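Enquirer: my questions concern the predicted model and sequence given below.
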Amino acid sequence: MATHNLLLLPGDGIGPEIMTEVKKVISWFNARGGDTFESDEGLVGGAAYDAHGQAISEEDMAKAMASDAVIFGAVGGPKWDDVAYEHRPEAGLLRLRKDMELFANLRPAICYPALADASSLKKDIIEGLDILIVRELTGGVYFGEPKEITDLGNGQKRGVDTQVYDTYEIERIAKVAFELARTRNNKVTSMEKRNVMKSGVLWNEVVTDTHNNGYEDVQLEHMLADAGGMQLVRWPKQFDVIVTDNLFGDMLSDVAAMLTGSLGMLPSASLGAPDAKTGRRKAMYEPVHGSAPDISGTGAANPIAMIASFGMALRYSFELVEAADMLDKAIANTLDKGLRTKDIAAAGEATISTAEMGDAIVAELDALSA
Ligand code: NAD
């Protein structure tokens, strides 16, 4: 039985509130026996700025680098609006992503049956949906140079961003997608714009070459990213794993996310390269949403995105598939019983608090293991 080291970084706003609920789930798995988790805790975002004058201290950064997985809440809030740019709360998150070299961002879009009616799409299109978007996170147009606004001197300015990808960046994200597909329905759809972008031509070539060199067992299809966006809302169940670049992934994952409802339901994982000795990837798990200052302190936050992010850690960092499936089932059962935080309740429906939702999920874990 292994012991896994977690670094919990609750952050700001509702971050600590939803992290409290994850701790209940971690304690439940520790009490159950089998693999166990040792949790250390640190500060990030505004909380770290208040304590150390920077968005994450060197000590906590070192703990993150040494951990088996970082479980991250959320950062930011109006209190830190006037903090110097390099110390703003988000700088802590960006530093973690950069120093841990988290190049693969995984965002599942899962439709819980109990929430199928809440989607803006028809129930039969969305019910049972389970897709995974794998987005390249550290390259492409958000980082390429030159990146500038120049004055052309004739009353005009020119804004330039550069979309740039090297072979190794495409190859490593394609491998992540193929490997994940093998644990799911064994299909990868690669999306780019090879019809108008050179980086798209290279993306397509490298994904195809990677597929032909050790991943032939996985079904691969290519789709133009604009057609992919259309297909995502037309018939999303045709997809299993979608792999795409940073820019298209940013947009397509938001589209896919909203197929399934509230921000409070959406987990994510960010993975780095496998360690040469241990094979383990650096990893950070976090809800997609922010620190929700508008509801912080009211007990209204939905902890499901945070708890499901820990579920992704079970699945992708620790290969505890049975535990991850069980946690997902506990969440689904809780929703099936009609329990709702405010963000996922229909008008007039009764709601429960953050802590009550966490307790209900733990009670379902008890019921499932009985
Ligand atoms: P947000 O995601 O915090 O909130 C958007 C809306 O969704 C709000 O109405 C909020 O109440 C609601 N919401 C979000 N999470 C919820 C949950 N778990 N349960 C119930 N309702 C939930 O985005 P925002 O309001 O644009 O940003 C607020 C702060 O969070 C800003 O400082 C922003 O910079 C920061 N932010 C941080 C992250 C991060 O830490 N990864 C991501 C996005 C925004």
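Expert: Noted; the coordinates are in hand. Numbers count the residues shown, from 1 in each chain.

Enquirer: what about Lys277, distance to the ligand?
Expert: Using Cβ to the nearest ligand atom, to the nearest Å, Lys277 is found at 31 Å from the ligand. (Each C-beta comes from the backbone N, C-alpha and C, glycine too.)

Enquirer: so who does that residue touch?
Expert: With contact taken as Cβ atoms under 8 Å, 6 or more residues apart in numbering, Lys277 is in contact with no other residue.

Enquirer: for it, helix, strand, or coil?
Expert: When classified by DSSP: H, G, I helix; E, B strand; the rest coil, Lys277 comes out as coil.

Enquirer: roughly how far does the residue nearest to Thr260 when sequence neighbours are not counted sit from the ligand?
Expert: In space, Thr260 comes closest to Cys111 once its chain neighbours are excluded; the distance is 4.8 Å by Cβ to Cβ, 6 or more residues apart in numbering. Look at Cys111 and the ligand: by Cβ to the nearest ligand atom, they are 18 Å apart.

Enquirer: same question for Ile133.
Expert: Distance from Ile133 to the ligand, counting by Cβ to the nearest ligand atom: 17 Å.

Enquirer: which residues sit against the host helix or strand of that residue?
Expert: Assigning secondary structure by DSSP states H and E places Ile133 in strand 130-136. Residues lying outside strand 130-136 but in contact with it, judged by Cβ under 8 Å, 6+ apart, are 103-111, 165, 169-170, 173, 176-177, 180, 184, 236-237, 239-246, 248-250, 252-253, 256.

Enquirer: any chance of a ChimeraX selection covering the buried ones in the residues you listed?
Expert: In ChimeraX, selecting the buried portion of these, with burial taken from 16 or more other Cβ atoms under 10 Å, looks like this:
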select :103,104,105,106,107,108,109,110,111,165,169,170,173,176,177,180,236,239,240,241,242,243,244,245,246,248,249,250,252,253,256
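
Enquirer: angles on the backbone of the residue nearest to Thr260, please.
Expert: Main-chain dihedrals, Cys111, degrees, to the nearest 10: phi -100, psi 110.

Enquirer: let's number from 37 now, not from 1
Expert: Okay, residue one is now 37; in that scheme the one you just asked about reads as Cys147.

Enquirer: rewinding a little: adjacent strands (with direction) for the strand holding Ile169?
Expert: Strand 166-172 has the following strand partners under DSSP bridges: strand 140-146 (antiparallel), strand 277-280 (parallel).
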